[in-house]
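Engineer: next one to model:
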Amino acid sequence: MKPAVVAVDGGASKTHLALVGSDGELLQLVRGPESQPHNVGFDRALEVLDRLHAEADASKADAAQLNMAGVDFPSEEEQLRQAIEARGWAERTLVGNDTFAVLRAGTERGWGVAVVCGTGINCVGVASDGRQARFPALGTITGDWGGGTDVGNAALFAAVRGQDGRGPRTTLEQAVPAHFGLETPLEVAEAIHHHQIPRRRLLELPPVVFAEAEHDAVAAEIVDRLASEIVAMARVALERLELSEEPAEVLLGGGLLQSGDGRLSGAVEAELRRVAPDVIVRAPSSPPIVGAALLGLDAIKAPPEAQRRARQELEQAVAAERGGDG
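Structural biologist: This next block holds a predicted model:
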């Protein structure tokens, strides 16, 4: 069957590409490595996409829907759109940030707010009339703090300062180096400095921080700061779209928000309800590739039964893939 939609969810840890028929049938699902242009570069990101598209052996589709982490500005969307159009994947190519896929995966309304907190942090909002609120999400240069990178850095920062006396004592002084098989925070810093430990491995530290936050004030402060940053993004998106007094859905996606940490999720929900009492706070009901596929089916005006089939079959396929990983 000729695919109606080529859907891509490109993230900082993996990339999914799905082929979906006009009736919602899942024709193919393939997975590859990271394709976030900010991290791997635009050319490398295209290499990943080209390889997955070739693996799927796709003929020309009606629509290509790409939702990519690290595609934050209209100029970046246009650059990627032109590159995919030149490859002839589909009659029509649509490009957006991956956070839009999280939002679409989590709601059938087609509007609301989504916050993704994984390697980094980002937020988008869509009003019922189609208006959008979004953030560049380039890190500290655009005012962002949050995600695994920042939490990991904050953990080592606090551990070193606790050890040398510039900051309060914290159990992170023991927990952080123990995670890397070392004795002291300064040994971790030295190992990173000499490239014996890749700096990217600080992404492994959020679960350590969450565990220590149960009994350590410094770790708890890091978790509380993360919750406040998540809420700040969601609050601004709700305010820009005039949804603060509406029963808008706020979808919380990404590894940190779906880690099961009760302190973080509880703080986020409590703070959100103080600024927007009627919001509905929950995790997305499906993985982001589902949202990308549904956005593609939206673009070709596929009927509701096709949407339901695509959601069900993609959810099953991703679940089977995760089972195989385990």
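Engineer: where do the strands sit along this protein?
Structural biologist: Counting by DSSP state E, the chain has strands at residues 5-10, 15-20, 26-32, 61-68, 90-97, 112-117, 121-126, 132-134, 249-253, 280-282.
Engineer: and the last one, what other elements does it pack with?
Structural biologist: What it means is strand 280-282. In terms of contacts (3 or more CB pairs under 8 Å, 6 or more residues apart in numbering; DSSP states H and E), strand 280-282 is packed against strand 249-253, helix 262-275. C-beta coordinates here come from the backbone N, C-alpha and C atoms, glycine included.
Engineer: and Gly11, which of those is closest to it?
Structural biologist: strand 249-253 (10.7 Å; CB to CB).
Engineer: ok, that closest one: who's next to it in the sheet?
Structural biologist: strand 112-117 (parallel), strand 280-282 (parallel) (DSSP bridges).
Engineer: where does the protein have its least confident helix or strand?
Structural biologist: helix 37-40 (a mean of 86; mean pLDDT, DSSP states H and E).
Engineer: walk me through the domains of the chain.
Structural biologist: 5-106+285-325, 112-145+223-282 (automatic domain parsing).
Engineer: of the ones you listed, which approaches Leu186 most closely?
Structural biologist: Of the domains of the chain, nearest to Leu186 by CB to CB is domain 112-145+223-282, at 23.6 Å.
Engineer: next one: the closest residue to Glu212 other than its chain neighbours from Phe180, what distance?
Structural biologist: Using CB to CB, 6 or more residues apart in numbering and skipping the chain neighbours, the partner closest in space to Glu212 is Ala219 (3.8 Å). With distances taken as CB to CB, to the nearest Å, Ala219 is found 17 Å from Phe180.
Engineer: swap in Leu264?
Structural biologist: Leu264 is 23 Å from Phe180, by CB to CB.
Engineer: more crowded one of these two?
Structural biologist: Ranked by neighbour count (other CB atoms under 10 Å), Leu264 and Phe180 place Leu264 first, with 24 against 19.
Engineer: shaky segments in this structure?
Structural biologist: By pLDDT under 70, the low-scoring segments of the chain are 324-326.
Engineer: a markdown table for the domains of the chain, including distance to Ala191?
Structural biologist: Listed next are the domains of the chain as a markdown table, based on distance: least, CB to CB, whole Å:
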| stretch | distance to Ala191 |
| --- | --- |
| domain 5-106+285-325 | 22 |
| domain 112-145+223-282 | 21 |
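Engineer: of the ones you listed, which is nearest Ala175?
Structural biologist: domain 112-145+223-282 (13.7 Å).
Engineer: CA atoms only for the longest helix anywhere in the chain - export them in PDB, please.
Structural biologist: The helix spanning the most residues in the chain, taking DSSP state H as the definition, is helix 217-240. What follows is helix 217-240, C-alpha atoms only, in PDB (Å, rounded to 0.1, in the frame of the first residue of the first chain):
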ATOM      1  CA  ALA A 217      17.500  19.600  51.400                       C
ATOM      2  CA  VAL A 218      20.000  20.600  48.600                       C
ATOM      3  CA  ALA A 219      18.800  17.900  46.300                       C
ATOM      4  CA  ALA A 220      15.200  18.800  47.100                       C
ATOM      5  CA  GLU A 221      15.900  22.400  46.200                       C
ATOM      6  CA  ILE A 222      17.100  21.300  42.700                       C
ATOM      7  CA  VAL A 223      13.900  19.300  42.200                       C
ATOM      8  CA  ASP A 224      11.800  22.200  43.300                       C
ATOM      9  CA  ARG A 225      13.600  24.500  41.000                       C
ATOM     10  CA  LEU A 226      12.900  22.200  38.100                       C
ATOM     11  CA  ALA A 227       9.200  22.100  39.000                       C
ATOM     12  CA  SER A 228       9.100  25.900  39.100                       C
ATOM     13  CA  GLU A 229      10.700  26.200  35.700                       C
ATOM     14  CA  ILE A 230       8.300  23.700  34.100                       C
ATOM     15  CA  VAL A 231       5.400  25.600  35.600                       C
ATOM     16  CA  ALA A 232       6.800  29.000  34.400                       C
ATOM     17  CA  MET A 233       6.800  27.800  30.800                       C
ATOM     18  CA  ALA A 234       3.300  26.300  31.000                       C
ATOM     19  CA  ARG A 235       2.000  29.400  32.800                       C
ATOM     20  CA  VAL A 236       3.300  31.800  30.100                       C
ATOM     21  CA  ALA A 237       1.900  29.600  27.300                       C
ATOM     22  CA  LEU A 238      -1.500  29.600  29.000                       C
ATOM     23  CA  GLU A 239      -1.400  33.300  29.600                       C
ATOM     24  CA  ARG A 240      -0.400  34.100  26.000                       C
END
